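**Q** Predicted model, plus sequence, below.
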Amino acid sequence: MKFELKHTATNCRARAGVITTDHGVIETPIFMPVGTAASVKGIFHRDVEAEAKAQIILANTYHLYLRPGTGILEEAGGLHKFCSWNKPILTDSGGFQVFSLAACRKLTDEGCRFSSHIDGSKHIFTPENVIDTQRIIGSDIMMAFDECPPGDSDWDYAAKSLRLTHGWLERCFNRYHQTQDKYGHHQSLFPIVQGCVYPDLRAKSAEFVQQFDADGYAIGGLAVGEPTESMYEMVDLVNDILPTDRPRYLMGVGTPANLLECIERGVDMFDCVMPTRNGRNGMLFTMEGTINIRNEKWKNDFSPIDPQGECFVDTVYSKAYLRHLTAAGEMMAAQIASLHNISFYLRLVREARKHILDNTFADWKRETVAKLSRRL
């Protein structure tokens, strides 16, 4: 994998770059639609690529390990062939599931023992077998196994968690260097910076991960309950330390405004379930603000869903029609809203990139964030 930094804004840290992988080129800043179980919920891959213009999608090691399982994925020749997606794929290692499965998991230096959310069966994730599983999945970018502490963790818990994550990280890279790509394309491994909202821990982690000279670095453990301003402070702090010649990936973030604020702070890559999850519940993101399509006000509004949109659903269908589908519980409502939102997120980061290259990002971002925060 190669990262080329094309331009950094003159009055902030916003960056425009290019990541080159064996499955294609990714222009940054970029948003990665979440395809947890090898599908972006409710959207054909054709439309994820052609309409939303996605350059990379994310899948999840925990979910794919449980279903369909590594045997099926290996027999298929890896995830790209299994799901017919020929562009880059990033896999989350399952560390966030370690966080979300708190009621049915046990952490030790060895790894994480947990019960499947599907059938209650018992499993263990270790740094070694998580790398092995991602080798079988065949993702272009693999994530190191970590623990994601809650946003309100006290310092003692966060420090203990960080020691565990750093120990696991060393084992992840040992296993990575002991194993080979299975399907003829290169796989990169990104470390994850943790440390909750404590500056000393975040700085320690950002320094620690650089010893692995990785192709890129991730910032994890944010947008998990801490105040938004604390998230921005931690992003600023970490990006002061991480190398400028590698991509920085902020995991699981966030709202459209979050994306622009963190692009301004030097983040290159994002993912979040919000576009599809909120879309399934009737929330639409637009450049003029957020729409709750369930509201009565849209009942007789025959204007396009988003006149500024670049996806076919934005201009083909009206707000009144989408509201009708939503009220009727039609599956098509979730499909239309999800595709619109994914398309919007990708359009937003493309616009951000254009303004970075034009040295107009800061003013554009300030005006755009004000509009994005409105409820229509």
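**A** Received, thanks.
**Q** Next, name the residue at the spatial heart of this protein.
**A** The residue lying closest to the centre of the chain (C-alpha atoms, centre = their mean) is residue 271, at 1.8 Å.
**Q** Surely that one is in contact with residue 30?
**A** No - using C-beta atoms under 8 Å, residue 271 makes no contact with residue 30, being 9.4 Å away. All C-beta atoms are positioned from the backbone trio N, CA, C, and that covers glycine.
**Q** if we can go back for a sec, pretty sure the residue nearest to the centre of the chain belongs to a helix, no?
**A** No - counting by DSSP: H, G, I helix; E, B strand; the rest coil, residue 271 is not part of a helix but strand.
**Q** Tell me the spatial nearest neighbour of it, not counting adjacent residues.
**A** Counting by C-beta to C-beta, 6 or more residues apart in numbering, residue 32 is the residue found nearest to residue 271 once chain neighbours are left out, at 4.2 Å.
**Q** Might you list the low-confidence residue ranges for this structure?
**A** Low-confidence segments of the chain, defined by pLDDT under 70: 98-103.
**Q** for it, what's the longest helix?
**A** helix 331-357 (DSSP state H).
**Q** What residues of it count as buried?
**A** By neighbour count on 16 or more other C-beta atoms under 10 Å, the buried set for helix 331-357 is 333-353, 355-356.
**Q** Please tell me how far that helix is from the chain's geometric centre.
**A** Here helix 331-357 is found 14 Å from its chain centre; the criterion is C-alpha atoms, centre = their mean, to the nearest Å.
**Q** give me the element residue 3 is part of.
**A** strand 2-8 (DSSP states H and E).
**Q** picking up where we left off before, quick check: the residue nearest to residue 271 is in a helix.
**A** No - applying three-state DSSP, one finds residue 32 to be strand, outside a helix.
**Q** mind listing the helices for the stretch 151-300 of the chain?
**A** Applying DSSP state H, counting those that start in this stretch to the stretch 151-300 of the chain gives helices spanning 155-178, 199-209, 228-241, 256-264, 274-280.
**Q** Just send these back as JSON lines, with mean neighbour count and distance to residue 59 too.
**A** Conversion of the helices of the stretch 151-300 of the chain to JSON lines gives the following (neighbours: other C-beta atoms under 10 Å; distance: least, C-beta to C-beta, whole Å):
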{"stretch": "helix 155-178", "mean neighbour count": "18", "distance to residue 59": "18"}
{"stretch": "helix 199-209", "mean neighbour count": "19", "distance to residue 59": "23"}
{"stretch": "helix 228-241", "mean neighbour count": "18", "distance to residue 59": "24"}
{"stretch": "helix 256-264", "mean neighbour count": "24", "distance to residue 59": "21"}
{"stretch": "helix 274-280", "mean neighbour count": "22", "distance to residue 59": "14"}
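**Q** Would you mind putting the ones you listed into JSON lines with distance to residue 133 alongside?
**A** As requested, these are exported to JSON lines (distance: least, C-beta to C-beta, whole Å):
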{"stretch": "helix 155-178", "distance to residue 133": "11"}
{"stretch": "helix 199-209", "distance to residue 133": "21"}
{"stretch": "helix 228-241", "distance to residue 133": "27"}
{"stretch": "helix 256-264", "distance to residue 133": "29"}
{"stretch": "helix 274-280", "distance to residue 133": "24"}
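**Q** quick one, which of those is nearest to residue 17?
**A** Taking C-beta to C-beta as the criterion, residue 17 comes closest to helix 256-264 out of these, the separation being 11.6 Å.
**Q** what angle separates that closest one from helix 228-241?
**A** On the basis of axes from the mean of the first three to the mean of the last three C-alpha atoms, to 10 degrees, helix 256-264 is oriented at 20 degrees to helix 228-241.
**Q** Show me what helix 256-264 packs onto, helices and strands only.
**A** Using 3 or more C-beta pairs under 8 Å, 6 or more residues apart in numbering; DSSP states H and E, the elements in contact with helix 256-264 are helix 228-241, helix 331-357, helix 361-372.
**Q** Who are the contact partners of residue 65?
**A** 94, 123, 133 (C-beta atoms under 8 Å, 6 or more residues apart in numbering).
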